[in-house]
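>>> Got a sequence here, can you build the structure:
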Amino acid sequence: MRIAPFAIIVASLVLISGAASAGNLTFSSGKSEWHSTRCTEPVTPPSLLTMDSESPAGGMNSLMETYNAYADQMQQYMNCVGTEGQSDADTASQTIISSAQATISNAQQKVSGMHDALQAKQ
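Model (predicted):
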């Protein structure tokens, strides 16, 4: 029986998604998607959604301070997602490499065992 390489990769990634305890990797309709579980996106301040170009200068200054604080929070969020994603990618890569090496080693042992069995019968 031949297992497709994609099936091995998918199985490895499914195992990783549970073992990494970081982001979640989901598969649907032949596509995969990763979601952070450690990072929380900041909520957009309502005042930024309702700002008016006719606001007085003091109000605009306050809105700019709110915007700057929000932009800083969003940058921290993006940094968090990047770090978590890279960590998961590194873990996934190492797991796939280790799993592939183990599969190759098992295949080599089977071939070697068959060779030894055939040699013993001669």
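>>> which intervals of this structure have sub-threshold pLDDT?
Regions of the chain meeting the criterion pLDDT under 70 cover residues 1-21.
>>> hmm, try it at 90
Counting by pLDDT under 90, the chain shows low-confidence ranges at 1-22, 25-27, 46-64, 117-122.
>>> Just the strands from it, written as ranges.
Assigned by DSSP state E, the chain shows strands spanning 24-28, 31-35.
>>> Those strands: which one's closest to residue 52?
For the strands of the chain, the distance to residue 52 is smallest for strand 31-35, at 35.3 Å, taking CB to CB. In short, each C-beta sits where N, CA and C put it, glycine included.
>>> So in that sheet, which strands flank that closest one, and in what orientation?
When pairing is defined by DSSP bridges, strand 31-35 lines up against strand 24-28 (antiparallel).
>>> For the partner strand, buried residues please.
Buried positions in strand 24-28, judged by neighbour count with 16 or more other CB atoms under 10 Å: residue 25.
>>> Take the strands of the chain and lay them out in a markdown table including distance to residue 49.
What follows is those, written out as a markdown table (distance: least, CB to CB, whole Å):
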| stretch | distance to residue 49 |
| --- | --- |
| strand 24-28 | 29 |
| strand 31-35 | 25 |
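>>> quick one: which of these is nearest residue 65?
strand 31-35 (31.4 Å).
>>> For that closest one, which residues meet the burial criterion?
residue 34.
>>> what's next to it, contact-wise?
13, 23-26, 85, 88 (CB atoms under 8 Å, 6 or more residues apart in numbering).
>>> same deal with stretch 48-61?
Outside of stretch 48-61, the residues within contact range by CB under 8 Å, 6+ apart are 63, 66-67, 70.
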